[in-house]
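**Student:** Predicted model, plus sequence, below.
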Amino acid sequence: MDFNFTEEQLDIKKQIISFAQNELNENIIARDKESIFPGDNWKKCADYGILGLPFPEQYGGSGADILTTTIAMEGLGYGCKDSGLIFGMNAQMWSIQMPLLEYGTEDQKQKYLPKLISGESIAGHAMSEPDSGSDAFSLKTTAVKKSNTYVLNGSKKFVTNATVSDMFIVFANIDKGHYNFMGVTAFIVDRNTSGLTVSKAIGKMGLKTSPMGEVIMDDCIIPEENRLGKERQGAKLFLHSIEWEHACILGSNLGSMQRQLEVCIKYVNEREQFGKLISQYQSVSNKIVDMKVRMETAKLLLYKVAWDKQQNIDATMDAAIAKLYLSEAWVQSCLDAIQLHGGYGYTTEYEIERDLRDSIGGRLYSGTSEIQRNIIAKSLGL
């Protein structure tokens with residue numbers, strides 16, 4: 001097994017770190033406090049090419065493979081302290097752009113992908129409902145076929161980017177009264193569609209610069225050409241890019257873990273208590289070691305997912321293992337970092353408390369830790 005990356009891959013990561021550190025961290029404490037969406041920084045990332053990393057050049061992308069993209073997103077997580085911004089971009093890239101690329105008609109691709117990749121448009125993924133979270137496919141949102149249109153009715157909860165989105169991919173059930181995955185179908189719904197209402201941003205614990213809202217459809221008439229994929233193909237479409245999502249969004253978390261580890265090492269090598277540096281106390285150094293072990297283990301799991309996907313090997317179980325382990329490890333490392341900093345770690349100024357608040361979401365989005373365990377158990381024949 002070769003764990004070395006090419007010079008080109010390492011250079012991409014290095015350049016993204018430099019870009020993020022210089023361009024994306026200004027006023028992050030204030031933006032987080034006020035839950036301000038950083039539209040200018042989103043556009044900077046788009047102009048730099050981040051939103052188009054693995055997408056074909058004909059739509060404005062650069063055609064990078066999944067391993068290179070994962071490494072790049074790791075660099076972004078290391079250099080950029082705004083986890084909300086990174087989360088929102090990942091949500092669009094893997095839940096919107098990738099399904100459009102794989103299942104969209106050429107007209108749909110030409111209409112939407114270049115604008116999304118360039119940052120001219122932003123999109124939201126409307127799947128979760130008030131009564132269907134982990135039970136993702138028991139949708140009560142309906143789509144009724146009428147001539148050459150569909151009429152959508154229902155509401156979607158926890159939609160990332162909702163308040164700033166220009167379009168949505170909405171999942172609805174075409175088998176009215178039968179709430180299972182068989183009837184789930186995906187539709188492209190533009191923001192200005194009659195009958196579509198978007199709520200104000202929902203306040204939340206972390207990832208505050210990534211706006212989340214509710215999307216309500218009341219007799220939304222959608223032309224047939226806005227159906228994404230075939231009827232009853234929604235479940236397949238929804239699950240298609242899960243390995244991409246897990247590899248790349250977790251890559252950003254991995255970069256954050258590396259940055260946080262370096263901050264902690266620097267702090268314990270400067271902070272004195274009882275006449276000596278606190279790094280000399282075993283209870284302190286052991287926490288640092290545990291953070292390092294978790295990070296290196298997560299790195300191997302994550303790169304394995306990217307490698308499997310690149311080799312066309314089924315990565316369903318590996319992606320679930322990586323998602324489960326890394327999301328839990330990131331939370332624990334944040335707790336350790338706060339403990340190492342003592343009272344300072346609890347303050348806003350030192351920024352570690354924001355890392356902790358942002359990390360908690362990782363145990364919930366893209367499938368909860370409990371759901372990942374279910375996927376792993378099923379893969380083991382249990």
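**Tutor:** On my side now, so go ahead. Residues are numbered from 1 along each chain as shown.

**Student:** Okay, now the unreliable bits of the stretch 51-200 of the chain?
**Tutor:** Where the stretch 51-200 of the chain drops to pLDDT under 70, the residues are 133, 136, 177-180.

**Student:** how about the strands of the stretch 201-350 of the chain, start to end?
**Tutor:** In the stretch 201-350 of the chain, the strands defined using DSSP state E, counting those that start in this stretch lie at 212-223, 227-228, 272-273, 276-277.

**Student:** gap between Cys334 and Glu74?
**Tutor:** Relative to Glu74, Cys334 is positioned 17 Å away (C-beta to C-beta, to the nearest Å). Backbone N, C-alpha and C define where each C-beta goes, glycine included.

**Student:** Which of the two has more residues huddled nearby?
**Tutor:** For Cys334 versus Glu74, the count of surrounding residues by other C-beta atoms under 10 Å is larger for Glu74: 27 against 24.

**Student:** and the host helix or strand of the more buried one, C-alpha only, in PDB?
**Tutor:** Take DSSP states H and E as the rule and Glu74 turns out to sit in helix 66-79. Provided in PDB are the C-alpha atoms of helix 66-79 (Å, rounded to 0.1, in the frame of the first residue of the first chain):
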ATOM      1  CA  ILE A  66     -12.100  11.800  -5.200                       C
ATOM      2  CA  LEU A  67      -8.700  11.300  -3.500                       C
ATOM      3  CA  THR A  68      -7.400  14.700  -4.700                       C
ATOM      4  CA  THR A  69     -10.700  16.300  -3.800                       C
ATOM      5  CA  THR A  70     -10.600  14.800  -0.300                       C
ATOM      6  CA  ILE A  71      -7.000  16.100   0.300                       C
ATOM      7  CA  ALA A  72      -8.100  19.500  -1.000                       C
ATOM      8  CA  MET A  73     -11.000  19.600   1.400                       C
ATOM      9  CA  GLU A  74      -8.700  18.600   4.200                       C
ATOM     10  CA  GLY A  75      -6.500  21.600   3.400                       C
ATOM     11  CA  LEU A  76      -9.600  23.800   3.400                       C
ATOM     12  CA  GLY A  77     -10.600  22.500   6.800                       C
ATOM     13  CA  TYR A  78      -7.100  23.200   8.100                       C
ATOM     14  CA  GLY A  79      -6.800  26.700   6.700                       C
END
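
**Student:** all helices for this protein, in order.
**Tutor:** Listed in chain order, the helices found in the chain under DSSP state H are 7-23, 28-34, 39-48, 66-79, 83-92, 98-103, 106-118, 234-240, 242-268, 282-310, 316-341, 352-360, 369-379.

**Student:** worst average pLDDT in those?
**Tutor:** Per-segment confidence across the helices of the chain bottoms out at helix 234-240, which has a mean of 84 in mean pLDDT.

**Student:** Pull out the buried residues from that helix.
**Tutor:** For helix 234-240, the neighbour count (16 or more other C-beta atoms under 10 Å) marks 234-238, 240 as buried.

**Student:** Out of the strands of the stretch 201-350 of the chain, which gets nearest to Leu139?
**Tutor:** With respect to Leu139, and counting by C-beta to C-beta, the nearest of the strands of the stretch 201-350 of the chain is strand 212-223 at 11.9 Å.

**Student:** contact partners of that closest one?
**Tutor:** By C-beta atoms under 8 Å, 6 or more residues apart in numbering, the residues outside strand 212-223 that reach it are 124, 126, 141, 143, 148-163, 168, 170, 187-189, 193-202, 204.

**Student:** Over to stretch 284-294?
**Tutor:** Under the criterion C-beta under 8 Å, 6+ apart, residues 257, 260-261, 264-265, 268, 278-279, 329, 332-333, 336-337, 339-340 lie in contact with stretch 284-294.

**Student:** switch to 6 Å and redo it
**Tutor:** Applying C-beta atoms under 6 Å, 6 or more residues apart in numbering, the set of residues contacting stretch 284-294 from outside is 261, 268, 278, 329, 333, 336, 340.

**Student:** For it, list every residue counted as buried.
**Tutor:** Neighbour-count burial for stretch 284-294, with 16+ other C-beta under 10 Å as criterion, is recorded at 284, 287-288, 291-292, 294.

**Student:** Tabulate the residues you listed in CSV, adding columns for distance to Gln311.
**Tutor:** Formatted as CSV, the entries for those read as follows, by distance: C-beta to C-beta, whole Å:
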residue, distance to Gln311
Val284, 41
Lys287, 37
Ile288, 35
Met291, 31
Lys292, 29
Arg294, 26
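
**Student:** ok, which pair from these is furthest apart?
**Tutor:** The largest separation in the buried residues of stretch 284-294, counting by C-beta to C-beta, is between Val284 and Arg294 at 16.3 Å.

**Student:** Grab the nearest non-local neighbour of Leu340.
**Tutor:** Cys264 (5.2 Å; C-beta to C-beta, 6 or more residues apart in numbering).
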